[in-house]
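J.: The following comprises the amino acid sequence and a computationally predicted model.
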There are 2 protein chains.
Amino acid sequence: MPRWKPGAVDRLQAAALELFDEQGFERTTVAEIVQRAGLTQRTFFNHFSDKREVLFGLSSELQQEIIGEIAAGDEALPPLDVVMRALEAVADKMFEHRRAVVRHRYAVIAANPELLERELGKHAALTEAIAAALRARGGDPEAAYLAASVAMLAQQVAFRAWTRPGETRALRDLLPEALSSLRATLGHDPEAPPLPA
Amino acid sequence: MPRWKPGAVDRLQAAALELFDEQGFERTTVAEIVQRAGLTQRTFFNHFSDKREVLFGLSSELQQEIIGEIAAGDEALPPLDVVMRALEAVADKMFEHRRAVVRHRYAVIAANPELLERELGKHAALTEAIAAALRARGGDPEAAYLAASVAMLAQQVAFRAWTRPGETRALRDLLPEALSSLRATLGHDPEAPPLPA
DNA sequence: AAAAGTGATTACATCTTGTGTAATCATGAC
DNA sequence: GTCATGATTACACAAGATGTAATCACTTTT
């Protein structure tokens, strides 16, 4: 007989998501979460550095997947293409099969400024990690930062579309579209050399 | 004789920036800030919604300036150009003449993850406000969002360069360069029509 | 000029988040 | 069988944040 019921982290995450959904993030106390999960406050803070972090359990796994894909990417490809392919692969592996759950979780996050700030922080950290992974392959540091930033902006544009009600296309297919939208937004560089015929 | 010394907000902001600089954000308590400013904790929280907000007093003014410029912008120009011109104008008006102060403030922010999250939140809010201002001029909502996002990414790239040690060029001149860098990063749209001869 | 109202500040109490430290005790290793 | 491990708990406490009512120089009204 185990001393404690297993899956403490899972229970805390589930209880928190439920409560945040039911009554909002701010009106939910950690005391309520741990009560529903059958644990103590100290245990909550043993597993999560703060109240918000309970919603971001998968972000480190996501980051590892992406930088893994980048490290394994084609050496000859330009940085942006490497990152885009990595994002497409990860879209299939970690997002596509749980659209409803991801939508739900993001709705909870979007409903609260504090959670949105944390999400933005994760986004920025991931951008930095991608840039670092690109630099590790060798290449101009500034170009790495630019490629990472542009790719993550495309990711954001595609993700917004993917979570839109009624949208059915796959995230991996929305990513190239997002990139095209960015190209269209930027227009053509007046100083660029003419296209080959 | 005034009942209280005037400039309570300014004194709080100054004391906070000093202390954050001296001992870091986390190791500084609100009690220390108000002691240095000669006020009480309750007064601090009357003026600032939380401890971080004391560093972001100018952000609402910045936002108003930018959306004002956008509203007054040339009707015929494409959205991205309207935003870029607004950012250039505001760069001159609010940044150029206090490079040292801005650098210093940003160094304090960059040194702490919580402050960085708040900065990202302000950045995102400004992006949304710009998109809203563009939509108010009429035009595709998605195009407005894209133009706002791309412009703010260019702003970020230019700002990074502007605050780099040794950099002397003006922010307004770094903005078009940042846009060019983004175009170069994205490369050319394979589906784009050929450039006119 | 007296009275009444305003608004920034203060005093006090309280809730919530987050941390430090030591104790508990089933499980698995030796 | 003994021992080390590690997740959980108990307890105390600092710091951030909020609600409420009181203060009182200054301004407006009468």
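T.: Nice, I can see it. Residues are numbered from 1 along each chain as shown, chains lettered A, B, ... in the order given.

J.: which bits of chain A sit near DNA strand D?
T.: A:3, A:4, A:8, A:9, A:38, A:39, A:40, A:42, A:43, A:46, A:47 (Cβ under 7 Å from any atom of the strand). C-beta here means a position set from N, CA and C on the backbone, and glycine is covered the same way.

J.: Quick one: neighbours of the third one, just the number.
T.: It refers to residue A:8. Residue A:8 has 17 neighbours, counted by other Cβ atoms under 10 Å in any protein chain shown.

J.: Between the residues of chain A next to DNA strand D, identify the one with the most neighbours.
T.: Going by other Cβ under 10 Å, residue A:39 tops the residues of chain A next to DNA strand D with 20 neighbours.

J.: Spatially, what comes nearest to it if we skip its sequence neighbours?
T.: Counting by Cβ to Cβ, 6 or more residues apart in numbering or on different chains, residue A:39 lies nearest to residue A:8, which is 6.0 Å off, once chain neighbours are set aside.

J.: that older thread, the residues of chain A next to DNA strand D in strands, which ones?
T.: Counting by DSSP state E, these place none of their members in strands.

J.: want to try CSV for those, with distance to residue B:70 and pLDDT as columns?
T.: Formatted as CSV, the residues of chain A next to DNA strand D follow (distance: Cβ to Cβ, whole Å; pLDDT from 0 to 100):
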residue, distance to residue B:70, pLDDT
A:3, 62, 83
A:4, 57, 82
A:8, 50, 91
A:9, 46, 96
A:38, 53, 97
A:39, 50, 97
A:40, 52, 97
A:42, 50, 98
A:43, 50, 98
A:46, 48, 98
A:47, 45, 98
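
J.: which residues touch the residue in chain A that DNA strand D sits nearest to?
T.: Residue nearest to DNA strand D within chain A (Cβ to the nearest atom of the strand): residue A:8, separated by 2.8 Å. With contact taken as Cβ atoms under 8 Å, 6 or more residues apart in numbering or on different chains, residue A:8 is in contact with A:37, A:39, A:43, A:47.

J.: surely the last one meets residue A:12?
T.: Yes. Judged on Cβ atoms under 8 Å, residue A:47 makes contact with residue A:12 at a distance of 6.4 Å.

J.: overlap in contacts of these two?
T.: Taking Cβ under 8 Å, 6+ apart as the criterion, residue A:47 and residue A:12 both touch residue A:54.
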